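Trainee: structural data only, the sequence is not supplied:
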């Protein structure tokens, strides 16, 4: 699966949405988060979003991503650039304004 994600990133001109529809337990979360860690920071000023419909997955994925960054010696990047938005679609819509300034700060930092 990592090869498919890499191919998508390599061939995507600007922005894109990569949806992974695989069975439970197939390693989607692990591979997606590992890809993010391996490609952050990058010289291409990319911003990564990991989105899942399951609340349990939000917490588990956030901690797994933190572990990947810590093990790679990138904990300062995780602390500075990660944002976790807990909850469902309504929560995202309600809280987007409050994290919008953080997204701008991250985008500016990545672009610098």
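Mentor: On my side now, so go ahead. All figures in this text were calculated on a predicted structure; none of them were measured in a lab.

Trainee: low-confidence regions, the chain specifically.
Mentor: Scanning the chain with the threshold set as pLDDT under 70 gives 13-16, 43-44, 86-92, 111-112.

Trainee: which helix runs longest in it?
Mentor: For the chain, the helix with the greatest residue count under DSSP state H is helix 89-111.

Trainee: mind giving me the packing neighbours of that helix?
Mentor: helix 75-81 (3 or more CB pairs under 8 Å, 6 or more residues apart in numbering; DSSP states H and E). To be clear about C-beta, it is placed using only N, CA and C from the backbone, and glycine gets the same treatment.

Trainee: may I see the buried residues of the helix it packs on?
Mentor: Across helix 75-81, burial judged by 16 or more other CB atoms under 10 Å covers 78, 81.

Trainee: next one: stretch 55-75
Mentor: The neighbour-count check on stretch 55-75 (16+ other CB under 10 Å) flags 58, 61, 62, 64, 65, 66, 68, 69, 74 as buried.

Trainee: which strand or helix spans the fourth one?
Mentor: I take that to be residue 64. Assigned by DSSP states H and E, residue 64 belongs to helix 55-71.

Trainee: need the residues that contact that helix.
Mentor: The contact list for helix 55-71 (CB atoms under 8 Å, 6 or more residues apart in numbering) reads 29-30, 33-34, 36-37, 50, 52, 75, 77-78, 82, 84-88.
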